[in-house]
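**Student:** Below: sequence and its predicted model.
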Amino acid sequence: MTSLSVRRARSAQQAGHARGRLPGAGPGRWAVLAALVVLAVVMLLPFAIVALNAVKSPAEYSAGGPLALPHGIYLDGIVEFWNRVDFGRKLLNSLLVSAAVAVLAVVLSVLNAYALGVGRVRGRLWILVLFLVANTLPQEALAYPLYYIAKAVGLYDSRLALIIIFTVVQGAFGTYLLSAVLGNFPKEIIEAAEMDGASRWRILWRIVVPISRPTLNVLMIFFFIWTWNEFFLPLIFLISNDNQTVPVVLGVLQGERMMDATMSSASALLGIIPAVAFFLIFQRTLTRGVTVGAVK
Amino acid sequence: MSKAGIVAALAAAALALAACGSTETPDTGGGGGSAGAARTLTLWHYEGANSAMGVAWAEAIKQFEASHPNVTVKFEEKGFEQIQKTASMVLGSDQAPDIMEYNKGNATAGLLSKQGLLTDLSEETAKRGWDKLLSPSLQTTARYDDRGIMGSGKWFGIPNYAEYVMVYYNKDAFEKQGIAVPTTFEEFTAALDTFVKAGITPISVGGAEYPAQQIMYQLALSKAQRPWVDAFQLYKGKVDFHGPEWTYGATTFADWVKKGYIAKDSAGIKAEDMGLAFMSGKFPIMISGSWWYGRVATESKGFKWGSFLWPGNQMSAGSSGNLWVVPEKSKNKDLAYDFIDITMKKDIQNKLGNAGGVPVAADPTSITDEKNKELIENFNKLSTQDGLAFYPDWPAPGYYDVMVAGVQELINGGKTPAQVLDELAQPYNDNLADIGG
């Protein structure tokens, strides 16, 4: 993604200096650019509308509807929402749960996948099928069993319960994915290490993990963002306001019959900013991880 | 290398936070346990802080803390959806609040009462005289029988406010056409005709959600008496969907679309957009509930507006508001009762009225705002003639979607009123068979 934008910026620069002398600047290139621009607009439009309504006053919204331009910047909605729900605390909760899940689920996935992919456990195909089936289970089906278990062990209404649940949920997917990746892990390297007398444990941490680090990083980022955006189970498990995560608190504004469109927009904006920021910070890691197989 | 550093730091931070999180959680629940020490009343509701209920209840909390010096109120604002989805789980656990707001109705408060998750308030109600403050149709939604069906049996909740469906109108638009506020049904349709002749679609309708079915219900109610409502809502008799009430409601609604009172494209309009269209002055009339009142008051600028009861009707869609319920697992039931008592007091009720809500036990003379007075006087008129007829989607589970689909067919002209009524009858009778009524 970066390389693309850099290239585009560079080509734009060149076009400015020497218009027409650019090789291959045919109509096809412009068509691709136009298509990309249209796609970008389609993707960004919902964000733009959210941002637009977030800075409108409720009266302005009622008078002009959702698409009218605001007359001025009205930030009271955002400020009021932040204070009303103690948003800083919710951010911290979300960060805690998502980061813990991201790290723990990756560790769990690596351990499972090492056994299944490299260790070649007997019946691993069926184990993987089981993991895949577990992945397709809707969360609604899990809600009641998890509720009774959490209540029995005294973890209902705690962030720890959520961390454990999502570590397992994300770990199931990670195991499935990583097993496929580690199944193709070059045997020669492992055999060489075994010959040097490295234990299995040592091979895992000194050889397998460092070499698959790009994949693990991508997995960790996905786990973080997915967990951040989870709504249903946090809604059920985080009962006290002090424990709630960001997506749950956004639901506070939806009334029985009334919605506060401007404040909902303001809160939606606050809700997506952290995930977007996280994505932007780690997007280089992401692209590196995605392309790592292609370079080979 | 630095990236690995960041990831490691993140992991360390996460684990550290996780560790402190797990030690922190167990002691949040132990607030008001030990005797003699300070106690905590945990209170949940889901009304916005600026809404009439939010304002009145904030004042009630203040008064409660003043009269109970050793008690602190731990108020948590919840989302409607969260309470809807999680109430039975929360109330079955030790995390249950001491008192909470909950939805009235068979599928909500009725169901929880049947599951034994709510405290029977009958004794307190009689002792503190709450039943004397609530009119019969308000009591309907507070009492549930052994099957969890409203209307009779024990008291499981106390409503603080009420709601009803009325006609909101744009005074400027009425003046421009020379129309006075209609007092009879004939005057009302004459007014609608005048708008149509002037090229204006008079009624803002949201056909994709609750508003359209409530209009059809209002029309049916114009031909109905209380026994019909009791039969339909409380299963106290047989409902003929091809009887005069429903037939009139569905046929007249279809006629209104034909005559141009209701726009043909309104089948896809949401309630929110219906409100926005009225508040921006695009339609002179909106028929909907008192829950819009506060919002119309603060957000509609540029024209004068008012409200009146559906002309000619003895009854109107409406009911008590949501209930205060005391979970069976509440650790401070005595405090919860005291709190309910404060919310039923005159000054809190008046505060609710002055903030634009519909109080159940206010003193109309102490409502200062002229508009709010109109709202409350209309409600009191309805209430004294025993005119709250509840909502058309209440009697059966999933009936809301059936109603929406049926009324949309009437707007589109896809089915005749008789066909639509057949569709409404089916799930209703199925449900009746299920509960053995």
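**Tutor:** Structure received.
**Student:** Next, count neighbours for B:R147.
**Tutor:** Neighbour count of B:R147, defined by other CB atoms under 10 Å in any protein chain shown: 14. Any C-beta I mention is one placed from the backbone N, CA and C, and that applies to glycine too.
**Student:** cool, B:F379 as well?
**Tutor:** Neighbours of B:F379 (other CB under 10 Å): 27.
**Student:** ok, and the closest non-adjacent residue to it?
**Tutor:** Leaving aside its sequence neighbours, B:F379 sits nearest to B:V358 (CB to CB, 6 or more residues apart in numbering or on different chains; 4.9 Å).
**Student:** Mind listing what's buried along the longest helix along chain A?
**Tutor:** Longest among the helix segments of chain A by residue count, using DSSP state H, is helix A:261-295. Within helix A:261-295, the residues that qualify as buried are A:261-272, A:274-275, A:278, A:282, A:285-289, counting by 16 or more other CB atoms under 10 Å in any protein chain shown.
**Student:** near chain B, from those residues?
**Tutor:** Of the residues in the buried residues of helix A:261-295, proximity to chain B by CB under 8 Å from any CB of the partner chain holds for A:261, A:285.
**Student:** just to revisit the earlier point, off-centre distance for the longest helix of chain A?
**Tutor:** Put simply, helix A:261-295 sits 7 Å off its chain's centre (CA atoms, centre = their mean, to the nearest Å).
**Student:** need the contact list for the spatially closest residue to B:K171 that is not a sequence neighbour.
**Tutor:** Leaving aside its sequence neighbours, B:K171 sits nearest to B:K304 (CB to CB, 6+ apart; 4.0 Å). Neighbouring residues of B:K304 by CB atoms under 8 Å, 6 or more residues apart in numbering or on different chains: B:170-172.
**Student:** Stretch B:42-56 close to chain A?
**Tutor:** Yes - using CB under 8 Å from any CB, we find that stretch B:42-56 touches chain A at B:46-49.
**Student:** Just the buried residues of that stretch, please?
**Tutor:** By 16+ other CB under 10 Å, the buried positions in stretch B:42-56 come out as B:42-48, B:50-56.
**Student:** how many other residues sit next to B:K132?
**Tutor:** As a burial measure, B:K132 scores 9 neighbours (other CB under 10 Å).
**Student:** The helix or strand where it lies: what's the following helix or strand?
**Tutor:** Secondary structure assignment for B:K132, by DSSP states H and E: helix B:130-133. Using DSSP H and E, the helix or strand that follows helix B:130-133 in sequence is helix B:136-140.
**Student:** any idea whether the residue most central in space within chain A is helix, strand or coil?
**Tutor:** Nearest to the mean C-alpha position of chain A, by CA atoms, centre = their mean, lies A:I225 at 2.0 Å. Put simply, A:I225 is helix when judged by DSSP: H, G, I helix; E, B strand; the rest coil.
**Student:** from what I can see it touches A:A275, true?
**Tutor:** Yes - in terms of CB atoms under 8 Å, A:I225 counts as a neighbour of A:A275; the distance is 5.6 Å.
**Student:** pLDDT score assigned to B:K85?
**Tutor:** Confidence at B:K85, expressed as pLDDT, is 85.
**Student:** err, B:E377, not the other one
**Tutor:** pLDDT, the model's per-residue confidence, is 91 for B:E377.
**Student:** what's the closest residue to it other than its chain neighbours in contact with, if anything?
**Tutor:** Of all residues not flanking B:E377 in the chain, B:P364 sits nearest, at 6.1 Å (CB to CB, 6+ apart). By CB under 8 Å, 6+ apart, the residues touching B:P364 are B:353, B:373, B:376-377, B:380.
**Student:** change it to 7 Å
**Tutor:** The neighbours of B:P364, taking CB atoms under 7 Å, 6 or more residues apart in numbering or on different chains as the test, are B:373, B:376-377, B:380.
**Student:** Neighbour-wise, which one of these leads?
**Tutor:** Neighbour counts for the contacts of B:P364 (other CB under 10 Å) peak at B:I376, which has 26 neighbours.
**Student:** separation between it and chain A?
**Tutor:** Counting by CB to the nearest CB, to the nearest Å, the separation of B:I376 from chain A is 20 Å.
**Student:** Return the residues of chain A in contact with chain B.
**Tutor:** Applying CB under 7 Å from any CB of the partner chain, we find that chain A lies next to chain B at A:58-59, A:62-63, A:65, A:84, A:96, A:99-100, A:103, A:147, A:151, A:156-160, A:163, A:217, A:220, A:235-236, A:239-242, A:248, A:251-252, A:254-259, A:285.
**Student:** any weak-confidence spans in the chain?
**Tutor:** Went with chain A since none was named. Along chain A, segments meeting pLDDT under 70 span A:1-25, A:289-296.
**Student:** my question was about chain B
**Tutor:** Along chain B, the parts satisfying pLDDT under 70 run over B:1-36, B:437.
**Student:** Where do the strands of it begin and end?
**Tutor:** Listed in chain order, the strands of chain B (DSSP state E) span B:39-45, B:71-77, B:99-102, B:143-144, B:154-155, B:158-159, B:162-170, B:203-204, B:285-289, B:305-308, B:318-320, B:323-325.
**Student:** Report all helices and strands that the third one contacts.
**Tutor:** If you count contacts as 3 or more CB pairs under 7 Å, 6 or more residues apart in numbering or on different chains; DSSP states H and E, strand B:99-102 packs onto strand B:39-45, strand B:323-325.
**Student:** May I see the buried residues of that strand?
**Tutor:** Neighbour-count burial for strand B:99-102, counted by 16+ other CB under 10 Å, picks out B:99-102.
**Student:** Closest to chain A out of those?
**Tutor:** Nearest to chain A among the buried residues of strand B:99-102: B:E101, at 10.4 Å, using CB to the nearest CB.
**Student:** I'd like to know how far the nearest residue to that closest one once chain neighbours are set aside sits from B:S290.
**Tutor:** Sequence neighbours aside, B:H45 is the residue nearest to B:E101 in space, at 3.8 Å (criterion: CB to CB, 6+ apart). Using CB to CB, to the nearest Å, one obtains 18 Å as the distance from B:H45 to B:S290.
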